[in-house]
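>>> Sequence and predicted structure, then a few things I'm wondering about:
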Amino acid sequence: MHKPAKILTIVGARPQFVKASVVSRELRQFPELSEVIVHTGQHFSAAMSDIFFDELDIPQPHYNLGIDSLSHGAMTGRMLEEIEQVIEAERPELVVVYGDTNSTLAGALAAAKLHVPVAHVEAGLRSFDMRMPEEINRILTDRVSDLLFSPTKTAVSNLEQEGFANFPAKIIETGDVMFDAVLFHRERANLSAETAARLPAELNGCVLATIHRAENTDDLARLTSILSSLEEIHKTVPVLLLLHPRTQKIIDENGIKPNVWLAEPVGYLEMLYLLERCSLVMTDSGGLQKEAFFMGKFCLTLRDRTEWTELVEAGVNHLVGTGRETILAGFEALSAKKFDSTISPYGDGRAAEKIVRAIAEYL
């Protein structure tokens, strides 16, 4: 009997744990495939990491590299070095990377330099903003990947326009694995007793907000403008701001005390619970923009551009940047709008199945 083909999965950040959970579950249905999970440690706190493995039933990582809290160059370099050692030890047939983090790029580069095929889940996404480190990571990862799993027609079109038809790579439109995850987990959405105890008792109708992107947290003018807008909205509609560790550190260092409801990050099932009950999402997160849509909620995106252009075109996601006036105007504009739930740009909820079948055929 042949040994199962070994898949090395590289994850490191919250959205990647969610995406990997559905693909990992599907991989277990294929006896001819086996999975080795590497956690780079990019999201290292229990609230941003451990809880996702527990509640999403992801097998515990075979490797935890513990690489975090470094500059982009230092973090990517350390990851590249250590992932290379793991690949040489494990000798996988394929390396799978997700999304657009430093972990994604480091995993893809390490594999490509060792001539191990790379599969990129969420290939072809583009914000067309090269100031974003995520955009650089996406472009470079796509270029060295062999299997490009694109979540949307727009993502496929982006790759075609960049000339990928001339490269030895296979582009496959699969739909979005985060849609799979919401469909699978939403009935289990709930708050733990511990989280419920530190949140306000009445959450229905609140605005759910997160801020974590470096271009917003590391620029004090942008950050204070966003926080000022949230405080203004909080005067009429309660705002629950979930504080990423980076954001928490910066506001503490600068003595900023936002006058909104503040809470630590929550687990994935808890986030779905909050999304179900909120009236609106305000975020600079890529994943949360989609999760808001999947849960039927409008999103104000606190960025100048987004990779999820389908949602902007459909009018359910508004790009408002970080200026106080544009944020407040966006909030007013959405308060009178009705959500259009008829659009379905992200597939049929079977993206993970399509990805794993394509991997099995490729190997």
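Looks like it came in fine. Numbering: from 1, shown residues only.
>>> so where is the stretch 1-150 of the chain shaky, pLDDT-wise?
Within the stretch 1-150 of the chain, the ranges that satisfy pLDDT under 70 run 1, 43-52.
>>> At which residues are the helices of it located?
Ranges of helices in the stretch 1-150 of the chain, per DSSP state H, counting those that start in this stretch, are 14-27, 50-55, 72-90, 102-113, 133-144.
>>> before we move on, what about the stretch 251-363 of the chain?
268-277, 286-294, 309-313, 324-335, 351-362.
>>> nearest to residue 71, of those helices?
Of all these, it is helix 286-294 that lies closest to residue 71, at 21.3 Å by CB to CB. For every residue, glycine as well, the C-beta is placed using N, CA and C.
>>> What is the end-to-end distance of stretch 329-342?
Stretch 329-342 stretches 26 Å from its first residue to its last (CA to CA, to the nearest Å).
>>> which residues are contacting that stretch?
229, 233, 280, 282, 296-298, 300, 314-316, 318, 320 (CB atoms under 8 Å, 6 or more residues apart in numbering).
>>> was I right about residue 160 contacting residue 171?
Yes - with contact defined as CB atoms under 8 Å, residue 160 reaches residue 171; the gap is 7.5 Å.
>>> So which of these two has more stuff around it?
Neighbour count, other CB atoms under 10 Å: between residue 160 and residue 171, residue 171 has more, with 19 against 12.
>>> Now that one: closest residue in space that isn't a chain neighbour?
Nearest non-adjacent residue to residue 171, counting by CB to CB, 6 or more residues apart in numbering: residue 148, 4.7 Å away.
>>> cool, residue 15 as well?
With CB to CB, 6+ apart, the residue lying closest to residue 15 is residue 287, at 3.9 Å.
>>> Report the backbone C-alpha coordinates of stretch 254-269 in CSV.
Once non-C-alpha atoms are left out, stretch 254-269 reads as follows in CSV (Å, rounded to 0.1, in the frame of the first residue of the first chain):
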residue,chain,number,x,y,z
ASN,A,254,-0.4,57.0,24.1
GLY,A,255,-2.7,57.3,27.1
ILE,A,256,-5.8,57.0,24.8
LYS,A,257,-9.0,55.9,26.5
PRO,A,258,-11.8,55.6,23.9
ASN,A,259,-15.3,56.3,25.2
VAL,A,260,-16.9,53.2,23.7
TRP,A,261,-17.4,49.6,24.9
LEU,A,262,-14.0,47.9,24.8
ALA,A,263,-13.3,44.2,24.9
GLU,A,264,-10.5,41.7,24.2
PRO,A,265,-10.6,39.6,21.0
VAL,A,266,-13.1,36.8,20.9
GLY,A,267,-13.1,33.3,19.4
TYR,A,268,-14.6,32.5,16.0
LEU,A,269,-17.9,31.1,17.3
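>>> just checking, residue 196 is part of a strand?
No - the assignment for residue 196 by DSSP: H, G, I helix; E, B strand; the rest coil gives helix, which leaves it out of any strand.
>>> any idea how far it is from residue 274?
11 Å (CB to CB, to the nearest Å).
>>> quick one, what contacts the residue nearest to residue 171?
With CB under 8 Å, 6+ apart, residue 148 has these contacts: 120, 123, 124, 142, 159, 164, 169, 170, 171, 172.
>>> Drop anything exposed from the residues you listed.
Buried subset of the contacts of residue 148 (neighbour count, 16 or more other CB atoms under 10 Å): 120, 123, 124, 142, 159, 164, 169, 171, 172.
>>> biggest separation within those residues, which pair?
142 and 172 (12.9 Å).
>>> Burial check on residue 69, number of neighbours?
Neighbourhood size, residue 69 [other CB under 10 Å]: 12.
>>> Report the separation between residue 259 and residue 239.
Residue 259 is 9 Å from residue 239, by CB to CB.
>>> higher neighbour count, the two?
Between residue 259 and residue 239, counted using other CB under 10 Å, residue 239 has the larger neighbour count: 25 against 13.
>>> Give me the pLDDT value at the more buried one.
If you check residue 239, the pLDDT there is 96.
>>> so it touches residue 262, yeah?
No - Residue 239 is not in contact with residue 262 according to CB under 8 Å; the separation is 9.5 Å.
>>> tell me the contacts of residue 156?
So residue 156 contacts 124, 150, 171, 173 (CB under 8 Å, 6+ apart).
>>> switch the cut-off to 10 Å
Counting by CB atoms under 10 Å, 6 or more residues apart in numbering, residue 156 touches 123, 124, 148, 150, 164, 171, 172, 173.
>>> Which members of these are positioned in strands?
148, 150, 171, 172, 173 (DSSP state E).
>>> ok, those residues vs residue 192, which is closest?
Using CB to CB, these come closest to residue 192 at residue 150, 35.3 Å.
>>> Report the contact partners of that closest one.
Counted by CB under 10 Å, 6+ apart, residue 150 has contacts 120-125, 142, 156-159, 171-176.
>>> again, but for residue 65
Each residue near residue 65 by CB under 10 Å, 6+ apart is listed here: 10, 12, 38-42, 78-79, 81-83, 85-86, 103, 106.
>>> Try it again at 8 Å.
With CB under 8 Å, 6+ apart, residue 65 has these contacts: 38, 39, 40, 41, 78, 79, 82, 83.
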